[in-house]
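>>> Sequence below, structure please.
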Amino acid sequence: MTAPSPHSPAVVDTCVWLAAYNHRDISVQPLVTPRILVVSPLGLDWLDHLLTNRAGEHIAIEAVTRIGALARTGALQIAVVDGKLLDEAEDLMRTYKGHRLGLTDCVNAALAWRLRCPAIS
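Residues are numbered from 1 along each chain as shown. This next block holds a predicted model:
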């Protein structure tokens, strides 16, 4: 297997961010692999909710600092969730109804498909 190109995007799911805060080295590989990370605003919202309510305000603020630093360097891009992406996410939700896939999961999947990186880190 070859290493990903530094310019190949990786859609980052909330579980990767949480693993970073739980110090699970193997789970945070996407965060240390040289590539552009892409996160949806829905994923950021979910991360904020989980960190604020379970880890505390201090950890949530620390996350904003780290994520902001990644965004300022260009290593992280916050995706735009437009009507077409929501339509694609809705199609996935309907297709896989019963699999307990929520809007955030389906937006991430549609975003990965749109970016031609059909794996979500």
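>>> Helix, strand, or coil at the closest residue to residue 11 other than its chain neighbours?
Once flanking residues are discounted, residue 11 sits nearest to residue 112: 4.4 Å by C-beta to C-beta, 6 or more residues apart in numbering. The way it works is simple: take the backbone N, C-alpha and C, and place the C-beta from them, glycine included. Recorded secondary structure, residue 112: helix (DSSP: H, G, I helix; E, B strand; the rest coil).
>>> For residue 112, the count of nearby residues, please.
Neighbourhood size, residue 112 [other C-beta atoms under 10 Å]: 19.
>>> All further residue positions should be reported with the first residue as 722.
Sure, I'll start numbering at 722, so the last one becomes residue 833.
>>> Model confidence at it, what's the number?
Confidence at residue 833, expressed as pLDDT, is 90.
>>> Could you do the one 5 residues further on as well?
Predicted confidence (pLDDT) at residue 838: the value is 66.
>>> Likewise for residue 780?
90.
>>> so where does it fall, helix or strand?
If you go by DSSP states H and E, residue 780 is part of helix 778-794.
>>> Which SSE is immediately downstream of that helix?
Taking DSSP H and E as the definition, the helix or strand right after helix 778-794 is strand 797-799.
>>> Show me what that next one is packed up against.
Secondary-structure packing of strand 797-799 (3 or more C-beta pairs under 8 Å, 6 or more residues apart in numbering; DSSP states H and E): strand 757-760, helix 778-794.
>>> worst average pLDDT in those?
strand 757-760 (a mean of 89).
>>> Would you mind measuring from residue 830 to residue 741?
Using C-beta to C-beta, to the nearest Å, one gets 21 Å for the distance from residue 830 to residue 741.
>>> scratch that, residue 766
Taken as C-beta to C-beta, the span from residue 766 to residue 741 is 17 Å.
>>> Out of the two, name the residue with the larger neighbour count.
When neighbours are counted by other C-beta under 10 Å, residue 766 and residue 741 differ, and residue 741 comes out ahead with 18 against 12.
>>> That'll do, ta.
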